[in-house]
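Undergrad: Pasting the sequence and the predicted coordinates here, then a few questions.
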Amino acid sequence: MPKKVAVGIVTRAKNDKSRRVEIPRLVRHPKYGKFMRMKTICYVHDENNESQRGDRVEIIESTPTSKTKRWQLVRVIEKSTEIDLAALRAARKAQESVASEESVASEESVASEESAATGE
């Protein structure tokens, strides 16, 4: 029997070599006939930590790796275009602090040069 192949979106990538992938699907309501959006959640083994949150990935059914992991990552189809705002703010803050330290150091050196020049 061939292994199942599915395409989904990574929703969690917190743990090492483990990913949570959601596979969206449409299901017709048995009584009313309306199509409802449902999702299947699969836990995936990602050996090289290739995927990140928001990536579209292709997964394949495999033997159980742990209590919940029954799938393996085949490839990353599309990388996420999400921007991590917290990381961006932290990088900007670090850059500003380095720039302010450099300006304070340059002001101190200018002040010491002026005092040396006037003291002579």
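TA: Thanks, I have it.

Undergrad: Now stretch 13-26: buried residues?
TA: Residues of stretch 13-26 classed as buried: Ala13, Ser18, Arg19, Arg20, Val21 (neighbour count, 16 or more other Cβ atoms under 10 Å). To be clear about C-beta, it is placed using only N, CA and C from the backbone, and glycine gets the same treatment.

Undergrad: what does that stretch contact?
TA: Stretch 13-26 is contacted from outside by 6-12, 35-47, 49, 51-53, 57, 59, 69, 71, 73, using Cβ atoms under 8 Å, 6 or more residues apart in numbering.

Undergrad: Repeat the analysis, applying 7 Å as the threshold.
TA: Residues outside stretch 13-26 that contact it (Cβ atoms under 7 Å, 6 or more residues apart in numbering): 6, 8-12, 35, 37-47, 49, 51-53, 57, 59, 69, 73.

Undergrad: of these, buried ones?
TA: Applying 16+ other Cβ under 10 Å to the contacts of stretch 13-26 flags 6, 8-10, 42-46, 51-52, 57, 59, 69, 73 as buried.

Undergrad: Outline the domain layout of this structure.
TA: 5-78, 84-120 (automatic domain parsing).

Undergrad: pLDDT (mean, whole number) over the first one?
TA: Right, domain 5-78. Per-residue pLDDT values over domain 5-78 give a mean of 95.

Undergrad: swap in the last one?
TA: Domain 84-120 carries an average pLDDT of 75.

Undergrad: tell me how far it is from the chain's mean position?
TA: 33 Å (Cα atoms, centre = their mean, to the nearest Å).

Undergrad: what does stretch 18-38 give?
TA: 25 Å.

Undergrad: Stretch 81-97 now?
TA: With Cα atoms, centre = their mean, you get 14 Å for stretch 81-97.

Undergrad: likewise stretch 65-74?
TA: 19 Å.

Undergrad: quick one: contacts of that stretch?
TA: 18-19, 42-46, 50-51, 57-62, 64.
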